[in-house]
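> Based on what follows, work out the 3D shape:
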Amino acid sequence: PGPPPPGSFSISSQRRYSEAVPRQRVLEIEPGRLLVAAVDRNGRLRSWIVIIDPRIVRSEGPGPDGTLTGQTLVVEQTEFFVSVPDDPEIVECRFYEPVLNGNTYRLVSMGSLSVTR
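Numbering: from 1, shown residues only. This next block holds a predicted model:
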């Protein structure tokens, strides 16, 4: 069937853990990271987490002259893990990418994923 359309997310597996989800104290929005916002049916924020953008892959290797060189690749399709609290009010996860807007970042929606229990 081919790759999913851009902004498409799906759950490949789901696990429940008895431990609490680690809480981030600071919202570190910067290139190479994504914001995942868990919301209730009224769109109210219930939880959030900032993750490293799983589409970015860094590679290093020797060049033709033996000098170590690096490159950054952006893959279109990837798998990654997101921890979401086991909160029955959470019905959706929204994914945002930071885009530089002058001296600040603007969050651009990448898509969303319905949370089922």
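
> Could you measure from the spatially most central residue of the chain over to Thr72?
Residue closest to the average C-alpha location in the chain (CA atoms, centre = their mean): Leu34, at 4.3 Å. Relative to Thr72, Leu34 is positioned 16 Å away (CB to CB, to the nearest Å). Bear in mind the C-beta positions are built from the backbone N, C-alpha and C, glycine included.

> follow-up on the earlier one: element containing the residue nearest to the centre of the chain?
Taking DSSP states H and E as the criterion, Leu34 maps to strand 33-39.

> residues of that strand that come out buried?
Buried residues in strand 33-39, counted by 16 or more other CB atoms under 10 Å: Arg33, Leu34, Leu35, Val36, Ala37, Ala38, Val39.

> In three-state terms, how would the residue nearest to Gly61 when sequence neighbours are not counted be classified?
For Gly61, ignoring the flanking residues on the chain, the nearest one in space by CB to CB, 6 or more residues apart in numbering is Thr69 at 6.8 Å. Taken by DSSP: H, G, I helix; E, B strand; the rest coil, the conformation at Thr69 corresponds to strand.

> what sits against Thr69?
Glu60, Gly61, Pro62, Gly63 (CB atoms under 8 Å, 6 or more residues apart in numbering).

> what about 10 Å?
Ser59, Glu60, Gly61, Pro62, Gly63 (CB atoms under 10 Å, 6 or more residues apart in numbering).

> Show me which of these are buried.
Of the contacts of Thr69, not one counts as buried by 16+ other CB under 10 Å.

> out of these, which one sits closest to Gln77?
Ser59 (17.5 Å; CB to CB).

> List phi and psi for that closest one.
The phi and psi values for Ser59, taken as degrees, to the nearest 10, are phi -130, psi 140.

> Look at it and report its pLDDT.
Listed pLDDT for Ser59 reads 87.
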